[in-house]
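Chemist: Next one to model:
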Amino acid sequence: MGGGPRPPAPIETHISYVFLAPERAFKLKRSVKLPYLDFSTPELRLAACRRELDLNKRTADRLYCAVRRITRGLDGELVFDGKGPLVDAVVEMRRFEQHAVFDRMAAVGLLDTRLMAELAETIAIFHAAAPVKHGGSGAQRIATVIDINARALATVTDILPPPRIDRVNLACQAALVRLGWLMDRRAERGKVRHCHGDLHLRNICLIDGKPTLFDCLEFNDELATTDVLYDLAFLLMDLWHCDLRPLSNFACNRYLDHADETDGLPLLPFFMALRAIVRAHVTATRAMGAPTPERATLASEANAFLATAQALLQHKPSRLVAIGGLSGTGKSTLAAAIADRIGPAPGARVLSSDRIRKAWFGVPVQTRLPEDAYRPEISEKVYARLFSTALTTLKTGHGVVTDAVFDRQADRDHIRTVADGLQVPFQGLWLEASPDILLHRVALRRADPSDAGVDVVREQLAHNLPVTDWPHVQSDTARNELEATAARLLDLDAGCNSNRARTSAPRPPPSPPSRSSR
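Modeler: Numbering: from 1, shown residues only. Modelled structure (predicted):
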């Protein structure tokens, strides 16, 4: 053995090793054959490496460099791209620091709403450009996933208890029966595309300060060709499982701002559950071959993913929450803080009048609109869009939080009728703070969806009428106190606890449309 520094240990997954060099990383496939892939020969691994390079250049062109063949020379030494027989192959990548990978960033609290907004936009743009798969059944694709999961789970019963596996498998089959019609309809509408396929936090990193998708599912094009929301669901589930539920909800909302997938919202809890099952059996597979200390850790992690899947498969009812108040009272902040606890996972669709107005004029949310964009007739249209979108979203069985000033009685009455017409629980909250606090907050705004400045707040204060029909919440307290007060008024903690305690039950889906309405 030489006296030089030892190379770092490879990074291991259940199907690969990654070897780190000073400026490069080399990804080597394991010689494995699983229910969903076959890397059992050098030729198959070489083909998978070439496919991996091509597919990942879609989202990470600067990260992926080349495929290198590992061959044996005349002296028996292994060399790159020699003329001898093929021994193996690697994907050569530009090296990046592991602390820039999103799972590491999540563990130390470095993920935030800014990164989630950028990431959601990146994914939405990628999905919009991804090739559409015409023909075929969306439900059959998910049935294949369920079957692969079931077969993979059957191989890890030393790690995951068979009774829990059986319950999860049955719940997935029941969900497929309930929601298959919606998957098929979305396939007909071009929502099944060749996606990333493996979009969890460990496959997202910061490259030059930008969220970058890498390490896509390259070994099975059929598995990677799926509903765009099933692709997104891996990210949402991973954040949810990491107890970063507000970020999961925030990422979902920002994605929906760019891609209107409202019709698919009933699928998200089920899709997230399927992704959790994938992580459960993949982690359990790693545990099966791990040494004793690591085996226990991985087994615990695998069981935790299975528990997440079980929780996501449980029913949670829809509800509508409206948050009103003058500009600067913190409506958007509160909406983002509580939305993950309202309705099915990953929480409520947050509908903001500010974002709706910017979308109406076709500008980014940070773009400041002229005063003409706030004429009364424009505001009427913005509120009408908010009401109609809330109605459409609630009809899917999803939760909704609306964020608008709501200083007019007619608007508060209207949003309540939206819930009443669907027999959905409703609660309005009116936020208030001292004038000095409001003026100070809006003066500090930079690149905010709201254009309201000091002059607007002063005008609101001058014309403000008492609001008596919604509970008042003081928003000039500490943020955690504001959230606690809102949670208590909405009974969110009790709702979360009762949902956790509830045994697995079928989620009532939206009714399939009649033939005449399709």
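
Chemist: so who does G264 touch?
Modeler: Residues in contact with G264 (CB atoms under 8 Å, 6 or more residues apart in numbering) are L182, R186, K191, D227, L229. Where you see a C-beta, it was placed from the backbone N, CA and C, and this is true even at glycine.

Chemist: Just list the residues touching H398, thanks.
Modeler: Applying CB under 8 Å, 6+ apart, the residues near H398 are L265, P266, S318, G343, P344, A348, R349.

Chemist: out of those, which is most surrounded?
Modeler: G343 (29 neighbours; other CB atoms under 10 Å).

Chemist: quick one: the helices in the stretch 251-400 of the chain?
Modeler: 268-288, 292-312, 331-338, 353-360, 376-395 (DSSP state H, counting those that start in this stretch).

Chemist: now for those helices, which one comes closest to L110?
Modeler: Counting by CB to CB, L110 lies closest to helix 331-338 out of these; the figure is 18.1 Å.

Chemist: would you list the contacts of H398 in JSON lines and tack on pLDDT and distance to C252?
Modeler: Shown next, in JSON lines, are the contacts of H398 (pLDDT from 0 to 100; distance: CB to CB, whole Å):
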{"residue": "L265", "pLDDT": "98", "distance to C252": "9"}
{"residue": "P266", "pLDDT": "98", "distance to C252": "14"}
{"residue": "S318", "pLDDT": "96", "distance to C252": "15"}
{"residue": "G343", "pLDDT": "97", "distance to C252": "12"}
{"residue": "P344", "pLDDT": "97", "distance to C252": "11"}
{"residue": "A348", "pLDDT": "98", "distance to C252": "10"}
{"residue": "R349", "pLDDT": "98", "distance to C252": "8"}
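
Chemist: Between those residues, which sits nearest A171?
Modeler: Among the contacts of H398, and counting by CB to CB, the member closest to A171 is P344, at 14.4 Å.

Chemist: Quick check: that closest one touching L267?
Modeler: No. P344 is beyond contact range of L267, at 10.2 Å (criterion: CB atoms under 8 Å).

Chemist: about what we covered before: redo the contacts of H398 as CSV? Include distance to V456.
Modeler: Below are these laid out as CSV (distance: CB to CB, whole Å):
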residue, distance to V456
L265, 33
P266, 38
S318, 33
G343, 32
P344, 36
A348, 27
R349, 26
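
Chemist: from these, which is closest to A174?
Modeler: P266 (13.9 Å).

Chemist: For Q423, see how far away that closest one is.
Modeler: According to CB to CB, to the nearest Å, P266 stands 17 Å off from Q423.

Chemist: can you check Q140 too?
Modeler: Here Q140 is placed at a distance of 34 Å from Q423 (CB to CB).

Chemist: Pick out whichever of these two has more residues nearby.
Modeler: Taking other CB under 10 Å, Q140 and Q423 do not tie; Q140 has more neighbours (13 against 7).

Chemist: Return the most buried member of the helices of the stretch 251-400 of the chain.
Modeler: Ranked by mean neighbour count, these are led by helix 268-288 with a mean of 25 (mean count of other CB atoms under 10 Å).

Chemist: For that one, C-alpha coordinates in PDB please.
Modeler: These are the backbone C-alpha positions of helix 268-288, laid out as PDB (Å, rounded to 0.1, in the frame of the first residue of the first chain):
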ATOM      1  CA  LEU A 268     -51.600  13.600  -5.400                       C
ATOM      2  CA  PRO A 269     -52.000  11.900  -2.000                       C
ATOM      3  CA  PHE A 270     -52.100   8.500  -3.700                       C
ATOM      4  CA  PHE A 271     -49.100   9.400  -5.900                       C
ATOM      5  CA  MET A 272     -47.100  10.500  -2.900                       C
ATOM      6  CA  ALA A 273     -48.000   7.300  -1.100                       C
ATOM      7  CA  LEU A 274     -46.700   5.300  -4.100                       C
ATOM      8  CA  ARG A 275     -43.400   7.200  -4.000                       C
ATOM      9  CA  ALA A 276     -43.100   6.600  -0.300                       C
ATOM     10  CA  ILE A 277     -43.500   2.800  -1.000                       C
ATOM     11  CA  VAL A 278     -40.800   3.000  -3.600                       C
ATOM     12  CA  ARG A 279     -38.500   4.600  -1.000                       C
ATOM     13  CA  ALA A 280     -39.500   1.900   1.500                       C
ATOM     14  CA  HIS A 281     -38.600  -1.100  -0.600                       C
ATOM     15  CA  VAL A 282     -35.400   0.500  -2.000                       C
ATOM     16  CA  THR A 283     -34.200   1.400   1.500                       C
ATOM     17  CA  ALA A 284     -35.200  -2.100   2.800                       C
ATOM     18  CA  THR A 285     -33.200  -3.700  -0.100                       C
ATOM     19  CA  ARG A 286     -30.200  -1.700   1.000                       C
ATOM     20  CA  ALA A 287     -30.800  -2.900   4.600                       C
ATOM     21  CA  MET A 288     -30.900  -6.500   3.500                       C
END
